[in-house]
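# Dropping the sequence and predicted coords here.
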Amino acid sequence: MGAQTSSVVGGVAKETVVGPIIMLGPPGAGKGTQAKLIAQRYEIPQISTGDLLRDNVAHKTDLGLRAQASMDRGDLVPDDLVCDMVALRLQLADCVKGFILDGFPRTVQQASWLDGYLETMRAGKNAAGQAACAPPVVIRLMVEYNNSLQRIVGRRSCPTCGRIYNIYFQPPIVEGICDFDGTPLVSRLDDSEDVVKERLKTYERQTLPLVDYYRAQGRLVEIDGDLPVEDVTARTVQALESRRSP
Ligand code: AP5
């Protein structure tokens with residue numbers, strides 16, 4: 001990886017420049033689950049466009065009011081709204097050594113916007129600054145359709161700390177309660193089977209073309225997302241380390 005320092009935590013130098021990482025995959029692929037683990041490991045922020053949009057909906061912001069109908073149907077929110085939201089988030093100081101995008105980009109237009117944005121950010125920066133906004137490494141999690149469906153239907157999350165559980169695969173110790181802070185777990189409103197089927201169709205139609213987009217640029221890493229969580233994490237870390245080694 002990039003710049004090194006003396007302080008090492010869990011095998012990763014604390015100030016190592018990681019750069020942008022994208023998690024790509026259908027609903028239920030495990031993007032959020034893996035993004036949280038990778039973000040923790042490298043001490044970079046997880047930027048989930050789904051979480052940011054849900055937060056805006058919950059607070060009834062102008063963006064939330066404009067996004068809600070699309071989200072309820074399982075459609076994508078318009079590109080310009082999402083790109084403006086991401087641009088604001090990427091300006092925060094915690095992105096200084098990299099970030100992990102979870103659920104963005106989701107259309108070729110969003111990907112091309114991101115490429116342009118990162119290129120502009122690199123201008124006039126030193127080597128470490130440029131590495132932090134280098135062209136992203138794209139981790140594609142590949143999962144079987146039925147696995148995606150079952151994972152989503154069984155998903156529960158903690159509204160306080162954001163931890164994700166699954167009643168089939170990753171249950172909490174006490175049913176319905178977060179292991180870490182004792183908050184009752186909730187299901188997402190768009191996780192009903194009908195809406196999930198729409199989200200999966202939307203993915204096939206609008207997001208899958210990104211696979212060719214990033215493959216053509218040599219930035220795509222494909223990982224078997226049907227494996228257990230720890231195995232997916234290990235393969236993702238291995239891929240990131242080997243892609244970024246000098
Ligand atoms: P978003 O929140 O991004 O939803 P999504 O892409 O449909 O993805 P999910 O959050 O459902 O799945 P995930 O891959 O993160 O899986 P998770 O780790 O939770 O988007 C929601 C909506 O917002 C969109 O429909 C759209 O309207 C809008 N939106 C968002 N971004 C947008 C954008 N860029 N442009 C336009 N609109 C946008 O895991 C799922 C379950 O499986 C969990 O229960 C977990 O415990 C379990 N699990 C995970 N990994 C494993 C494993 N390896 N083995 C067994 N179980 C596992």
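Yep, it's here.

# any idea how far the residue in the chain that the ligand sits nearest to is from Ala67?
Nearest to the ligand in the chain, going by C-beta to the nearest ligand atom, is Gly50, at a distance of 1.9 Å. Placement of C-beta: from N, CA and C, glycine included. As judged by C-beta to C-beta, to the nearest Å, Gly50 and Ala67 stand 10 Å apart.

# So these two - more neighbours on which side?
Using other C-beta atoms under 10 Å as the criterion, Gly50 and Ala67 rank with Ala67 on top: 23 against 18.

# Which of the helices or strands spans the more buried one?
Per DSSP states H and E: Ala67 is located in helix 62-73.

# now swap in Ala87 and tell me
Ala87 is located in helix 79-90, with elements delineated by DSSP H and E.

# Let me know whether Tyr203 touches Pro27 as I believe.
Yes: the pair Tyr203 / Pro27 is scored as a contact, 6.4 Å apart, by C-beta atoms under 8 Å.

# Who has more neighbours out of the two?
More crowded of Tyr203 and Pro27, by other C-beta under 10 Å: Pro27, with 25 against 20.

# about what we covered before: check the gap between the residue nearest to the residue of the chain closest to the ligand when sequence neighbours are not counted and Pro27 for me.
Leaving aside its chain neighbours, Gly50 sits nearest to Gly103 (4.7 Å; criterion: C-beta to C-beta, 6 or more residues apart in numbering). Per C-beta to C-beta, Gly103 is found 9 Å from Pro27.

# List the residues that contact the residue nearest to Asp55 when sequence neighbours are not counted.
Spatial nearest neighbour of Asp55, chain neighbours left out: Gly64 (7.8 Å); criterion: C-beta to C-beta, 6+ apart. By C-beta atoms under 8 Å, 6 or more residues apart in numbering, Gly64 lies in contact with 53, 55-58.

# Look up how far Gln91 lies from Gly64.
20 Å.

# check contacts around the residue nearest to Gly50.
Taking C-beta under 8 Å, 6+ apart as the contact definition, Gly103 lies against 23, 31-32, 48-50.

# same check, this time on Thr207
Applying C-beta under 8 Å, 6+ apart to Thr207 gives the contacts 24, 26, 106-107.

# Just among those, which is most surrounded?
Leu24 (27 neighbours).

# distance of that residue from Thr183?
Computed as C-beta to C-beta, the Leu24 to Thr183 distance reads 30 Å.

# Am I right that Tyr165 sits in a strand?
Yes: under DSSP: H, G, I helix; E, B strand; the rest coil, Tyr165 falls within a strand.

# Now Arg156: closest residue in space, sequence neighbours ignored.
Distances taken as C-beta to C-beta, 6+ apart place Leu185 nearest to Arg156, at 3.9 Å, with adjacent residues excluded.

# for that neighbour, what are its contacts?
Shown in contact with Leu185 (C-beta under 8 Å, 6+ apart): 156-158, 165, 172, 176-178.

# Can you tell me which of those are buried?
156-158, 165, 172, 177-178 (16 or more other C-beta atoms under 10 Å).

# quick revisit: need the pLDDT of the residue nearest to Gly50.
The per-residue pLDDT reported for Gly103 equals 97.

# Closest to Tyr213 out of the contacts of Gly64?
Distance to Tyr213, by C-beta to C-beta, is smallest for Leu53 among the contacts of Gly64, at 22.5 Å.

# quick one on the thing from earlier: list residues touching both of Gly103 and Pro27?
By C-beta under 8 Å, 6+ apart, no residue touches both Gly103 and Pro27.

# out of the contacts of Leu185, which touch the ligand?
The subset of those within reach of the ligand, by C-beta under 6 Å from any ligand atom, is Tyr165.
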